[in-house]
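Visitor: When you get a sec, could you give me coordinates for this:
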Amino acid sequence: MASKIAFLVGGTHSGCGKTTVTLALMAAFQARGLQVQPFKIGPDFIDPGFHTRLTGRTSRNLDGWMLSRDYNVDRFLRSFQESQVAIVEGVMGLFDGYDGASEAGSSAEMAKWLGLPVILVVDAGSMARSAAALVYGYCHFDQDLRVTGVIFNRVGSPGHFQYLQSAMAASLPSVPVLGGIPRDQEVSLPERHLGLVMADELALDKPWAERLGELAERHIDLAELSALAGWDGDYLSRKTNAAAPVHPRRFDPDSPGSGVSVVEPSSLYQAAENPEASLALAISSPKQGAFPVTWDSNADRIVLAVPRDAAFCFYYEDNLDAVRDAGADLRFFSPLAGESLPQGTVGIYLGGGYPELHAERLARQLRFLDDLRRAAREGMPIYAECGGMMVLSRFIVTRDSEQFPMAGVLPFGTRMLKRRKALGYTEVLIRKPCLLGEVGVRMRGHEFHYSEIVEQEDQETLIRSYELQARHGTASVLEGFQIGAVLASYVHIHFGSNLDAASHLVEACRRFREKMGPHGGNRGTEG
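Guide: Residues are numbered from 1 along each chain as shown. This is a model prediction of the structure:
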């Protein structure tokens with residue numbers, strides 16, 4: 001008998017209710033005294049925050065394009081070791097991925113990589129018997145995929161649910177209907193232009209979690225789901241050796257699936273102008289190794305400052321782990337709370353987030369902005385992604401056309417647009433040496449932003465270190481803005497695609513500390 005439970009929550013399409021159902025199941029199993037380990041497929045910073053707040057365990061991203069099969073399997077096994085239940089939230093529709101001809105990058109592919117059964121979420125709000133025909137297609141589209149149960153969402157009434165059950169029993173009796181979730185606006189999650197509002201911004205209190213759990217207890221057969229999703233790890237133990245991960249190798253530039261693509265979206269990336277049907281990310285199949293090796297814990301460690309609050313909230317947990325493993329002690333601080341660089345800082349990692357929503361408050365953090373300028377002048381390594389790059393720019397123009405001054409480290413400003421500027425996976429080729437590697441190194445990541453660069457000056461001082469490699473027939477883009485020891489980009493790179501990037505960043509910080517001497521680095525203006 002299986003001692004654990006593991007399954008993937010897939011959906012028929014974006015916006016069908018995967019996130020609500022996933023959170024309800026997590027809350028219900030937690031309420032039963034089981035420790036849940038959450039996962040999210042795709043380059044998502046928002047859903048993992050909800051997962052983590054609800055379960056108390058760090059939700060991990062799995063991704064079939066940015067990361068290899070070995071990496072994903074090893075991440076799953078390592079994270080699941082100390083929990084009783086693993087719940088993987090899918091991305092987009094179950095079979096949506098890189099292109100229309102393959103499963104590359106889809107939730108279906110990940111389910112097969114991990115040997116997990118799929119619980120299919122169907123938006124039945126405007127369907128009756130037709131819902132059974134839809135489920136029939138999903139169950140028979142890929143004979144190697146195990147769709148072991150269905151949960152109907154947005155059910156209109158008990159009579160509607162009975163209609164759905166009878167349709168399934170008549171046409172697909174081998175696939176049980178595990179539940180029917182009624183429409184309930186009280187547990188729906190608000191959205192903004194980059195997707196759902198961050199978990200830290202909402203009152204995810206005990207009553208809210210209890211309501212989610214009660215929703216699943218009342219409307220989902222958890223006992224049958226548990227029986228269908230019993231997991232003993234035999235499948236994966238035959239596929240991989242989690243005790244002996246290998247270091248990721250660099251990408252083969254001639255491998256298929258390189259570049260950028262856009263397909264139908266994850267519900268978490270719904271644009272404000274069309275929350276029901278926006279575009280999202282494409283995926284293909286990468287070539288790199290498994291989960292990170294652990295670096296020598298006795299190595300001389302450096303202090304890496306990481307702002308983390310409502311303005312700086314987009315970090316892959318695996319990226320933070322990668323720089324820790326490479327020898328960094330992470331010191332988190334909140335610029336919005338008036339804090340600045342911690343004592344002993346010799347490097348800065350400025351993640352993305354929502355600086356445009358907090359631009360006025362950030363502009364008042366004079367100590368923080370001055371410390372960024374001073375660090376850049378001294379040659380301290382500063383790595384910035386998307387929103388972090390906006391804060392390093394001269395100014396931010398908000399959607400309301402208000403302009404607020406920023407650090408001015410980069411010779412341009414940024415301006416928010418009404419419509420999305422960029423969305424898609426991308427492969428980065430380093431064309432000039434930078435904080436993350438030498439010429440020829442490849443990494444993978446994604447872009448998702450509503451801002452653009454404006455009023456760019458001093459072209460001769462700004463080096464473009466990246467070539468963002470596009471799909472066949474479209475031009476590549478030169479990006480990765482470098483000035484001194486500063487590297488800034490719109491791309492959110494996943495260090496798991498090439499762990500040398502994390503070690504290269506930490507080594508740059510170590511060299512800066514050595515150059516500055518025993519009293520080098522930031523002397524501390526925090527408080």
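
Visitor: Every contact and neighbour count from this point should use C-alpha atoms.
Guide: Noted.

Visitor: pLDDT below threshold where in this protein?
Guide: 1, 185-205, 235-299, 459, 470-474, 518-527 (pLDDT under 70).

Visitor: quick check: longest helix of it.
Guide: Looking across the chain with DSSP state H, the single longest helix is helix 500-516.

Visitor: For it, output the C-alpha coordinates as PDB.
Guide: Once non-C-alpha atoms are left out, helix 500-516 reads as follows in PDB (Å, rounded to 0.1, in the frame of the first residue of the first chain):
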ATOM      1  CA  ASP A 500      27.700  28.100 -13.600                       C
ATOM      2  CA  ALA A 501      25.800  31.400 -13.600                       C
ATOM      3  CA  ALA A 502      25.300  31.300  -9.900                       C
ATOM      4  CA  SER A 503      28.900  30.400  -9.100                       C
ATOM      5  CA  HIS A 504      30.100  33.000 -11.600                       C
ATOM      6  CA  LEU A 505      28.100  35.700  -9.800                       C
ATOM      7  CA  VAL A 506      29.300  34.700  -6.400                       C
ATOM      8  CA  GLU A 507      32.900  34.600  -7.600                       C
ATOM      9  CA  ALA A 508      32.600  38.200  -8.900                       C
ATOM     10  CA  CYS A 509      31.400  39.200  -5.400                       C
ATOM     11  CA  ARG A 510      34.300  37.500  -3.800                       C
ATOM     12  CA  ARG A 511      36.800  39.200  -6.100                       C
ATOM     13  CA  PHE A 512      35.200  42.600  -5.300                       C
ATOM     14  CA  ARG A 513      35.600  41.900  -1.600                       C
ATOM     15  CA  GLU A 514      39.300  41.000  -2.100                       C
ATOM     16  CA  LYS A 515      39.900  44.200  -4.100                       C
ATOM     17  CA  MET A 516      38.300  46.300  -1.400                       C
END
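
Visitor: Flag every buried residue along it.
Guide: Residues 500-510, 512-513 are the ones in helix 500-516 that count as buried (16 or more other Cα atoms under 10 Å).

Visitor: okay, those residues in a markdown table with distance to Tyr163 next?
Guide: Formatted as a markdown table, the buried residues of helix 500-516 follow (distance: Cα to Cα, whole Å):
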| residue | distance to Tyr163 |
| --- | --- |
| Asp500 | 56 |
| Ala501 | 55 |
| Ala502 | 54 |
| Ser503 | 57 |
| His504 | 59 |
| Leu505 | 58 |
| Val506 | 59 |
| Glu507 | 63 |
| Ala508 | 63 |
| Cys509 | 63 |
| Arg510 | 65 |
| Phe512 | 68 |
| Arg513 | 69 |
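
Visitor: between those, which is closest to Ile87?
Guide: Among those, Ala502 lies closest to Ile87 (Cα to Cα), at 28.4 Å.

Visitor: so the closest one makes contact with Ala326?
Guide: Yes: taking Cα atoms under 8 Å as the definition, Ala502 is a contact partner of Ala326 at 6.5 Å.

Visitor: What residue spans form the domains of the protein?
Guide: When the chain is parsed with automatic domain parsing, its domains come out as 4-239, 294-516.

Visitor: Show me the helices in the protein, by range?
Guide: 18-31, 47-55, 69-80, 107-114, 130-140, 158-171, 206-219, 222-228, 234-239, 317-325, 359-363, 366-378, 387-392, 500-516.

Visitor: With distance to Phe152 as added columns, please give the ones you listed in JSON lines.
Guide: JSON lines is the format used below for the helices of the chain (distance: least, Cα to Cα, whole Å):
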{"stretch": "helix 18-31", "distance to Phe152": "10"}
{"stretch": "helix 47-55", "distance to Phe152": "21"}
{"stretch": "helix 69-80", "distance to Phe152": "27"}
{"stretch": "helix 107-114", "distance to Phe152": "19"}
{"stretch": "helix 130-140", "distance to Phe152": "9"}
{"stretch": "helix 158-171", "distance to Phe152": "8"}
{"stretch": "helix 206-219", "distance to Phe152": "10"}
{"stretch": "helix 222-228", "distance to Phe152": "14"}
{"stretch": "helix 234-239", "distance to Phe152": "29"}
{"stretch": "helix 317-325", "distance to Phe152": "32"}
{"stretch": "helix 359-363", "distance to Phe152": "41"}
{"stretch": "helix 366-378", "distance to Phe152": "49"}
{"stretch": "helix 387-392", "distance to Phe152": "37"}
{"stretch": "helix 500-516", "distance to Phe152": "43"}
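
Visitor: among the ones you listed, which is nearest Glu89?
Guide: helix 18-31 (6.4 Å).

Visitor: Using PDB, list the CA coordinates for that closest one.
Guide: Extracted as PDB, the C-alpha positions of helix 18-31 are listed here (Å, rounded to 0.1, in the frame of the first residue of the first chain):
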ATOM      1  CA  LYS A  18      -6.800  25.200 -11.400                       C
ATOM      2  CA  THR A  19      -5.500  27.600  -8.800                       C
ATOM      3  CA  THR A  20      -8.600  27.700  -6.700                       C
ATOM      4  CA  VAL A  21      -9.000  23.900  -6.800                       C
ATOM      5  CA  THR A  22      -5.300  23.400  -6.100                       C
ATOM      6  CA  LEU A  23      -5.400  25.700  -3.000                       C
ATOM      7  CA  ALA A  24      -8.600  24.000  -1.800                       C
ATOM      8  CA  LEU A  25      -7.000  20.600  -2.000                       C
ATOM      9  CA  MET A  26      -3.800  21.800  -0.200                       C
ATOM     10  CA  ALA A  27      -5.900  23.300   2.600                       C
ATOM     11  CA  ALA A  28      -8.000  20.200   3.000                       C
ATOM     12  CA  PHE A  29      -5.000  17.800   3.300                       C
ATOM     13  CA  GLN A  30      -3.300  20.200   5.600                       C
ATOM     14  CA  ALA A  31      -6.400  20.300   7.800                       C
END
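
Visitor: Tell me who's in contact with Ile41.
Guide: By Cα atoms under 8 Å, 6 or more residues apart in numbering, Ile41 lies in contact with 61-63, 88-91, 107.

Visitor: Need the nearest residue in space to it, chain neighbours excluded.
Guide: Ranked by Cα to Cα, 6 or more residues apart in numbering and with sequence neighbours excluded, the top spatial neighbour of Ile41 is Leu62, at 4.7 Å.

Visitor: Would you confirm that that neighbour contacts Lys40?
Guide: Yes: Leu62 lies in contact with Lys40 (Cα under 8 Å); the separation is 6.0 Å.

Visitor: Buried deepest among the helices of the chain, which one?
Guide: Highest mean neighbour count of the helices of the chain: helix 387-392, a mean of 28 (counted as mean count of other Cα atoms under 10 Å).
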